[in-house]
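> Make a model of this:
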Amino acid sequence: MSTQNELTQFNIATLNLFNFVEPPNAYYDFENIYTAEQWQKKLTWISRYIDLQQPDVIGFQEVFSIEALKTLMQQSGYQYFAVVDEPSISDDFIYSRPVVALASKFPIVEINAVAVEHQLLQLLSLPSDFAFSRIPLRVTVVTPLLGSVDFFVVHFKSQRGIFDVDEQVQTDMGNPERFALEAVAKWGAAQQRGAEAVLLRYSIASRREQTQNPCVLLGDFNESLQTGVLKGLVSQDSRLKNQLSEHEFTLYSLSDAYELCQANQYAPSAVARAPTHYHLNHGNVLDYILLSAEFNSQNPQSLAEVTRYHTFDQHLINPQYATDSHSSDHAAVCVTCRIRN
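Residues are numbered from 1 along each chain as shown. Below is the predicted model:
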């Protein structure tokens, strides 16, 4: 029998699985193969997170072994699973170019890859063969509370440079030139990431215009939303306010679920936002859940509000080898959305 909470709210999560590849296959290099014990620890850690947080819909990044993840999620009660791409395989067992996926307890009625809108490439001065570093996934899920909701799962280009600096270094090149070359490689990655973000936002807006479905964008953004190249995902052009109705203006906006939770005063404002990834002991928020206006309680036409935002990070800040040694290098993010009366 359903509880009152089950009738009025649902949970959404995102998790980077960090090299999810079933042995005897390897990730990136022939030496990177989990033992049977290590693989089982990884599966157990994922199942434990699912049991603790109980997301109704969850997006994944860094998926190599698609069927293994689908089976694991079915065992955890997720009848519906979506993926649109396949990883690259060399020598029959070395995997690269991981993909994104989504599992749902609610029915999935449509699965699509997000395509590049080629008419925008010239406007952005991008080459005609531009492609996403990982193909984003769009899934329409029929929820019992909001009806059809479009979920977009992404894994934007990493901050790793777009080329190997060592391969480009010439014998007569000095250190200053080398450092500059590294900056060029990093900037190329940032450009790719930024282009992916604006092309995706255009795709989301087009979908919204077609269906009017509520929208959720989730995944590993590989950079803070506060930076210039990704800020376009949540920015609003105030000049459009004079051209559009209030409903039209808010229809195409996305909001950070953390900010919505803070605005609703369901989270203590004095507590700093927990990072979702650490590099050289420096924490950054790289994993996000963005929500359309239907989830923004400040919007008079909203249907739901964010009542909980949770960062699952114990394996990062206080790891226990017995349970966390083969978990993830990212925290999981989960939000609770409650239907408004």
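> wait, isn't Leu17 in contact with Val63?
Yes. If you go by CB atoms under 8 Å, Leu17 and Val63 touch, sitting 6.1 Å apart. Yep, even glycine has a C-beta here, placed from its N, CA and C like the rest.
> Determine the residues that are contacts of both of those two.
Here Leu17 and Val63 have Leu69 as joint contacts, going by CB atoms under 8 Å, 6 or more residues apart in numbering.
> Could you report the neighbour count for Ser47?
14 (other CB atoms under 10 Å).
> hmm, who's touching the host helix or strand of it?
In the assignment (DSSP states H and E), Ser47 maps to helix 36-53. With CB under 8 Å, 6+ apart as the test, helix 36-53 has contacts from 11, 13, 15, 17, 20, 22-23, 34, 58, 72-73, 75-76, 310, 312, 315, 323-328, 332, 334.
> cool, stretch 16-35 as well?
Here stretch 16-35 has contacts from 36, 39, 42, 46, 60-65, 68-69, 91, 93-96, 98, 155, 220, 287, 326-330, using CB under 8 Å, 6+ apart.
> And the helices in the stretch 51-200 of the chain?
66-75, 118-123, 165-168, 175-211 (DSSP state H, counting those that start in this stretch).
> can those go into TSV with extra columns for mean pLDDT, distance to Tyr28 and mean neighbour count?
Converted to TSV, the helices of the stretch 51-200 of the chain look like this (pLDDT from 0 to 100; distance: least, CB to CB, whole Å; neighbours: other CB atoms under 10 Å):
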stretch	mean pLDDT	distance to Tyr28	mean neighbour count
helix 66-75	98	17	16
helix 118-123	90	30	12
helix 165-168	62	17	11
helix 175-211	85	18	16
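> Let me have those in TSV, adding distance to His282 as columns.
Shown next, in TSV, are the helices of the stretch 51-200 of the chain (distance: least, CB to CB, whole Å):
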stretch	distance to His282
helix 66-75	30
helix 118-123	34
helix 165-168	22
helix 175-211	16
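> for these, which one sits closest to Asn264?
helix 175-211 (22.9 Å; CB to CB).
> Beyond the closest one, next helix or strand please.
With DSSP H and E, the next secondary element past helix 175-211 is strand 215-220.
> Specify the beta-bridge partners of Ala332.
Phe312 (DSSP bridges).
> mind checking how far it is from Pro55?
In this view, Ala332 and Pro55 are 9 Å apart by CB to CB, to the nearest Å.
> now swap in Val149 and tell me
Counting by CB to CB, the gap from Val149 to Pro55 is 14 Å.
> Spit out the contact partners of Phe130.
Val116, Leu121, Ala195.
> distance between the ends of stretch 20-34?
10 Å (CA to CA, to the nearest Å).
> got the buried residues for stretch 24-36?
Asn25, Ala26, Tyr27, Ile33, Tyr34 (16 or more other CB atoms under 10 Å).
> Narrow those residues to those in strands?
Of those, the ones assigned to strands by DSSP state E are Ala26, Tyr27.
> For the buried residues of stretch 24-36, give me CSV that also has distance to Ser297 and pLDDT.
CSV is the format used below for those (distance: CB to CB, whole Å; pLDDT from 0 to 100):
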residue, distance to Ser297, pLDDT
Asn25, 46, 97
Ala26, 47, 97
Tyr27, 42, 97
Ile33, 48, 98
Tyr34, 44, 98
